[in-house]
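Student: give the three-dimensional model of this entry:
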Amino acid sequence: MEWGDALSFCKTSFDAKLVEVESASESTFIEHESRNHAGLATGVFWLGGSDVVVEGEWEWMTSHSRLTYSHWAPGQPSNDANREHCLNIHSGFLYRWNDAPCTDRHWFICEKSIESATDGNLVG
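Tutor: Numbering: from 1, shown residues only. Below is the predicted model of the structure:
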């Protein structure tokens with residue numbers, strides 16, 4: 001899905017949000033799970049960050065908090081052609097962070113608080 005559609009899908013389908021990675025241990029977990037789900041295919045997964053409000057000021061769009069942890073790939077974020085405003089992890093960057101056009105279509109990762117995860121579909 002496109003980034004905005006993924007953001008909405010997480011909310012409407014799971015009462016969740018696109019994942020907000022807030023620590024190195026959470027980043028390692030997300031990387032591991034992404035590798036497992038991508039298998040041998042190219043793995044690109046949307047995360048919940050964007051700089052669409054103010055260019056260069058990355059924030060988690062559900063909680064509206066600035067990124068206090070990051071795991072950018074070398075040379076990223078690049079804002080190529082001034083059109084890359086959404087955050088993903090990308091197998092081509094060894095599952096480090098990359099900025100990309102929000103209209104690209106990728107897999108995505110939803111995050112739900114443990115208190116509200118009652119359906120049994122919890123990973124991690």
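
Student: list the contacts for Phe14?
Tutor: 110, 112 (CB atoms under 8 Å, 6 or more residues apart in numbering). In short, each C-beta sits where N, CA and C put it, glycine included.

Student: quick one: it and Phe108, what's the gap?
Tutor: Computed as CB to CB, to the nearest Å, the Phe14 to Phe108 distance reads 11 Å.

Student: can you tell me which strand in the protein is longest?
Tutor: When the chain is parsed with DSSP state E, its longest strand is strand 44-50.

Student: for that one, which strands pair with it and how are they oriented?
Tutor: Strand 44-50 pairs in its sheet with strand 59-60 (antiparallel), strand 86-90 (antiparallel), strand 107-108 (parallel), by DSSP bridges.

Student: which of those strands is buried the deepest?
Tutor: Counting by mean count of other CB atoms under 10 Å, strand 86-90 has the highest mean neighbour count of these, with a mean of 26.

Student: from the contact counts, what lies against the helix or strand following it?
Tutor: Once strand 86-90 ends, the next helix or strand along the chain (criterion: DSSP states H and E) is strand 96-100. Strand 96-100 sits against strand 44-50, strand 86-90, with contacts defined as 3 or more CB pairs under 8 Å, 6 or more residues apart in numbering; DSSP states H and E.
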